[in-house]
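Trainee: Sequence first, then the predicted structure:
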Amino acid sequence: MKKQISPSIMCADFMNLKECVRDFEDNGIEYIHVDIMDGHFVSNYTLGTDFCKILKRETHIPIDLHLMVEEPEKKLDWFEFGEGDYVSVHYESTKHLQRALSQIKSRGAKAMVALNPATPIEVLEWVLPDIDAVLLMTVNPGFAGQKLVPQCLEKITALRRYLDERGYTQVEIEVDGNVSFENARKMSDAGADIFVAGTSSLFKAGVPMSESVKKMRESIN
Ligand code: DX5
Ligand code: ZN
């Protein structure tokens, strides 16, 4: 499958977001990763519902909405998303995972399950028909700037094999957390398809976005 970049906009310069989005467009970025945190599922707050509305109006680039919130099935209606967008909900955040996934798909978006580093891939067994992608957290969620949990590289390979053995070869794998140029190469070799690029790659002060995107493309292809 095509290797795609999804920059984590929570890592951007919040004083220059419009310019950042133009940069994404100029560099053929495939998705914009929008981290939503509720202070319960993770001990942090980041972006919100109004930000998503404004972003959807500002650009044609699809969003990749990462919901780090408890009971996401009760909050999906708060967000603007639809055809072409990815929406991920954490397996660990709800008793009603299948309901949340079918709600996402009923609105025309692509459904993704996010798994924390310690969560086994086998939890996906009975929702495989409901997903378009799996988001493997390669750090513990909640904050940018953390270090890769090393065993997550092997988890990427194990997930690809798990999906392919069950005939779900079209299900994509997204990786999120410390996706540096060096780690991205290893993650790509392990089977990742979508790369959430944050502080360790695309958002480096003084480095033009075009240069970082070029380097990331070289790393993942
Ligand atoms: C962390 C978020 C990530 C984060 C990535 O919980 O899900 O998207 O912003 O940032 P880096 O690349 O710095 O790990
Ligand atoms: Zn994220």
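Mentor: Thanks, I have it. Ligands and ions are numbered 1, 2, ... in the order given.
Trainee: Sketch out the low-pLDDT regions of this protein for me.
Mentor: Confidence mapping of the chain against pLDDT under 70 gives zero matching residues.
Trainee: Just give me the neighbour total for the residue in it that ligand 1 sits nearest to.
Mentor: Ligand 1 sits closest to residue 198 of the chain, with a gap of 2.2 Å, by C-beta to the nearest ligand atom. (Each C-beta comes from the backbone N, C-alpha and C, glycine too.) Using other C-beta atoms under 10 Å, residue 198 has 26 neighbouring residues.
Trainee: Likewise for residue 119?
Mentor: Neighbour count of residue 119, defined by other C-beta under 10 Å: 17.
Trainee: Would you mind measuring from it to ligand 2?
Mentor: Distance of residue 119 to ligand 2, computed by C-beta to the ion, to the nearest Å: 15 Å.
Trainee: wouldn't that residue be in contact with residue 97 here?
Mentor: No: using C-beta atoms under 8 Å, residue 119 makes no contact with residue 97, being 11.6 Å away.
Trainee: Return the distance of stretch 115-125 from the chain's centre.
Mentor: Mean C-alpha position of stretch 115-125 versus that of the full chain (C-alpha atoms, centre = their mean, to the nearest Å) differs by 16 Å.
Trainee: List the contacts of residue 64.
Mentor: Residue 64 makes contact with 6, 31-34, 85-86, 88, 174, 194, 196, according to C-beta atoms under 8 Å, 6 or more residues apart in numbering.
Trainee: how about the residues of the chain near ligand 2?
Mentor: Contact residues, the chain versus ligand 2 (C-beta under 5 Å from the ion): 35, 66, 176.
Trainee: Most neighbours among these, please name it.
Mentor: Counting by other C-beta under 10 Å, top hit in the residues of the chain next to ligand 2: residue 66 with 29 neighbours.
Trainee: where does it land in three-state SS?
Mentor: For residue 66, the secondary structure call by DSSP: H, G, I helix; E, B strand; the rest coil comes out as strand.
Trainee: ok, it - contacts?
Mentor: Contact analysis of residue 66 by C-beta under 8 Å, 6+ apart lists 33-36, 88, 114, 135, 176, 196.
Trainee: could you pull out the helices for this structure?
Mentor: 17-26, 49-58, 97-106, 152-165, 181-190, 209-220 (DSSP state H).
Trainee: Just to be sure, which of the contacts of residue 64 are found in strands?
Mentor: If you go by DSSP state E, the contacts of residue 64 have 6, 32-34, 86, 88, 174, 194, 196 in strands.
Trainee: what is in contact with residue 119 and residue 97 at once?
Mentor: Counting by C-beta under 8 Å, 6+ apart, the contacts common to residue 119 and residue 97 are residue 91.
Trainee: Would you point out which residue of the chain is nearest ligand 2?
Mentor: residue 66 (3.7 Å; C-beta to the ion).
Trainee: Tell me the residues of the protein that contact ligand 1?
Mentor: Within the chain, the positions lying close to ligand 1 (C-beta under 6 Å from any ligand atom) are 8, 10-11, 33, 35, 66, 139, 141-146, 176-179, 196, 198-200.
Trainee: from these, which would you call buried?
Mentor: 8, 10-11, 33, 35, 66, 139, 141-144, 146, 176-179, 196, 198-200 (16 or more other C-beta atoms under 10 Å).
Trainee: ok, residue 50 - how many residues close by?
Mentor: For residue 50, using other C-beta under 10 Å, the count is 10.
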